[in-house]
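1. This is the structure alone, sequence omitted:
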């Protein structure tokens, strides 16, 4: 009980710190910006604490199947931290911010090519966007995209090489997939495989679709202003993190489906041996 409560409190504090990170290092442009950020940090703390402190799951998946959520958190925290330091370089450059800016520039030279998701983010900007803003968005989008790719690759390593989730004991479907109802029609394996492939496909397409949708919506509504550093950080982090999280969920779901198939095959072989 004490260990679970302590772990839940630590997780809540880490999530709250992640929400506060851009506001701690960058200027707040709106008058109520500080109050809003603090409220969101407190809300994130209580939601995370309540979820991990409860013995019954509610909406967070794979909470007892590390390192899925740990990789998600590290990936998102890395995006936000890197982008915060890159944006801070435009206001008060230091040796650390200059280093991350140079790293981002190198990443941009690699992943910014025609028809890439980063190039689509740049094309999403209004025609009157300044050259410094375009360069900042280009570098920030490249860093966020590379961080997302590294997060996906890390989970793929955990699945393929480390054999996730077999190293963590028995996998409880009810605890780790609270939104999945195994009794709701159809074969469980077929449904898991369908959901996994669908998540991977959507995750691959989202980095391309999101800029196109935003560009399309600018004809009917005011476009998102990426000139504000905090808006830039959260927009690009969401653009990179959501597809990566969906791809990881798809990989995890397909892995669970394969484990169920292996269990069924082993059970069938054991029954055949006993009958013979």
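-> Yep, it's here. Since the structure is predicted, the reported quantities are computational estimates derived from the model, not experimental observations.
2. roughly how far is the lowest-mean-pLDDT helix or strand in the chain from the heart of the chain?
-> In the chain, no helix or strand scores lower on mean pLDDT, DSSP states H and E than helix 173-176, which sits at a mean of 80. Distance of helix 173-176 from its chain centroid, counting by CA atoms, centre = their mean, to the nearest Å, is 20 Å.
3. now stretch 195-207
-> 13 Å.
4. contacts for that stretch?
-> 117, 120, 145, 180, 239-240, 242-247, 249-254, 257 (CB atoms under 8 Å, 6 or more residues apart in numbering). Heads up, the C-betas are built off the backbone N, CA and C, glycines and all.
5. next one: stretch 86-102
-> By CB under 8 Å, 6+ apart, stretch 86-102 touches 22, 25-27, 82, 85, 104, 132, 136, 139-140, 143, 229, 232-233.
6. With adjacent residues omitted, what lies nearest to the residue positioned nearest the centre of the chain?
-> For the chain, the residue nearest the mean C-alpha position is residue 241 (3.3 Å; CA atoms, centre = their mean). Spatial nearest neighbour of residue 241, excluding adjacent residues (CB to CB, 6 or more residues apart in numbering): residue 76 at 5.0 Å.
7. Low-confidence stretches in this structure?
-> Scanning the chain for pLDDT under 70 picks out the ranges 28-33, 219-223, 271-276.
8. what domains does the record give for it?
-> As assigned by the TED database, the chain contains the domains 1-52, 72-275.
9. Out of these, indicate the one that is most buried.
-> Counting by mean count of other CB atoms under 10 Å, domain 72-275 has the highest mean neighbour count of the domains of the chain, with a mean of 17.
10. Which residue ranges of the stretch 101-250 of the chain form helices?
-> 117-124, 131-160, 173-176, 188-217, 229-275 (DSSP state H, counting those that start in this stretch).
11. Of those, which is nearest residue 34?
-> Residue 34 sits nearest to helix 229-275 of all those, at 11.0 Å, using CB to CB.
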